[in-house]
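[1] dropping the sequence and predicted coords here.
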Amino acid sequence: MNYRELLSLFQNSNTEFLVAHNTRNSMIPIPHLHPQFEIYYNISGGDSYFINDRFISVKPYDLVIIPKLQIHKSIRSLKSDYNAYVVNFTDNIINTVLNLPMLGNIDMEPLPFIDLSQ
């Protein structure tokens, strides 16, 4: 799948859950945003990640969580092969998981913000 097809899928507001394996040829080369949350898992070749107005350094096996509707882009290293996984999901997926009977009355407090720039 080329990056234009991926971008089209990501920006389609009807796509509730999507997993993509990104390589040098399939990554989206431009900053973009979409109505889904995104989990970015860098296997190799990711050098940094741009989110809104900040660059975050990433190493192999780092995980980056991007809120919905945030401009973002992965920046790959030219020294190694790019290999990453991206999971996109909507509020509906979160609500479905939180309403699973097995979770019962577990208090699902939001996680505190962790500043990765330090």
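    Received the coordinates, thanks. Numbering: from 1, shown residues only.

[2] let me know whether residue 67 touches residue 37 as I believe.
    Yes: Residue 67 lies in contact with residue 37 (Cβ atoms under 8 Å); the separation is 6.3 Å. Just so you know, the C-beta spots here come from the backbone N, C-alpha and C atoms, and that holds for glycine as well.

[3] looking at those two, which is more packed in?
    Legend: neighbour count by other Cβ atoms under 10 Å for residue 67 and residue 37, higher for residue 37 (18 against 12).

[4] residues in contact with the more buried one?
    Contact analysis of residue 37 by Cβ atoms under 8 Å, 6 or more residues apart in numbering lists 65-68, 88-90, 94.

[5] ok, it to residue 58 distance?
    Residue 37 sits 18 Å away from residue 58, going by Cβ to Cβ, to the nearest Å.

[6] likewise residue 84?
    9 Å.

[7] what is in contact with these two at once?
    With Cβ under 8 Å, 6+ apart as the test, residue 84 and residue 58 both reach 42, 46, 74.

[8] most neighbours among the residues you listed, which one?
    residue 46 (26 neighbours).
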